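# Prediction below, plus the sequence it came from.
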Amino acid sequence: MADLDYILADWDKAEGVATSEGFIKPLIATKNVSVTALEIAPGDEVLPHSHSGLPYFEVVLYVVEGDLEIIFRDKRVPVKTGMTIMADPNEHGWLNRTEETVKVLMIHSPPPSWQSPEEFLEKVRKYQDRK
């Protein structure tokens, strides 16, 4: 971002990829923070998991649309539209019990292992190809 005054991203136009955590669209990534759109389909569940092999990063989840249940070990926390929750990246999962797709804005600081949306998509696709 050395020569830019700002970065502008459009959720609806951003390229994304289907993952085990939902449909992810990286919007903005720098060396200090990343902002990612996450769309979680009805009935989708991600069990609490670890991001082993990645450097530590913090995660803030903001629910843009819908109701989501965040899972922390044996606890379940309801998070509704307009709510924000800070989550340990190695201790959380989620469940969409509704009939609607839930839209969540994920903010990572620092970014787990990418510094641009293109780099994120490339890493996810390489990982999926290895499976």
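Received it, and whenever you're ready, just let me know what you need.
# For the rest of this, base every contact and every neighbour count on C-alpha atoms.
OK.
# give me the low-pLDDT residue ranges for the protein?
1-4, 51-53, 131 (pLDDT under 70).
# How are the strands of the chain distributed by residue range?
Per DSSP state E, the chain carries strands over the ranges 17-19, 22-29, 34-40, 45-46, 58-65, 67-72, 75-80, 84-87, 92-95, 102-109.
# Which stretch among those approaches residue 127 most closely?
Nearest to residue 127 among the strands of the chain is strand 17-19; the distance by Cα to Cα comes to 10.2 Å.
# Give the pairing partners of the closest one; include direction for each.
Applying DSSP bridges to the sheet, strand 17-19 is found paired with strand 22-29 (antiparallel).
# Give me the buried positions along the strand it pairs with.
22, 24-29 (16 or more other Cα atoms under 10 Å).
# Compute the number of surrounding residues for residue 8.
Per other Cα atoms under 10 Å, the neighbour tally for residue 8 reads 6.
# quick one: it and residue 14, what's the gap?
11 Å (Cα to Cα, to the nearest Å).
# if we can go back for a sec, between the strands of the chain, which gets nearest to residue 116?
Closest among the strands of the chain, using Cα to Cα: strand 22-29, at 4.6 Å.
# before we move on, back to that, dump the buried residues of strand 22-29 to JSON lines, plus distance to residue 102.
Below are the buried residues of strand 22-29 laid out as JSON lines (distance: Cα to Cα, whole Å):
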{"residue": "22", "distance to residue 102": "10"}
{"residue": "24", "distance to residue 102": "12"}
{"residue": "25", "distance to residue 102": "14"}
{"residue": "26", "distance to residue 102": "16"}
{"residue": "27", "distance to residue 102": "17"}
{"residue": "28", "distance to residue 102": "20"}
{"residue": "29", "distance to residue 102": "22"}
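# Closest to residue 68 out of those residues?
Nearest member of these to residue 68, counting by Cα to Cα, is residue 22, at 12.7 Å.
# Contact partners for that closest one?
Shown in contact with residue 22 (Cα atoms under 8 Å, 6 or more residues apart in numbering): 38-41, 44.
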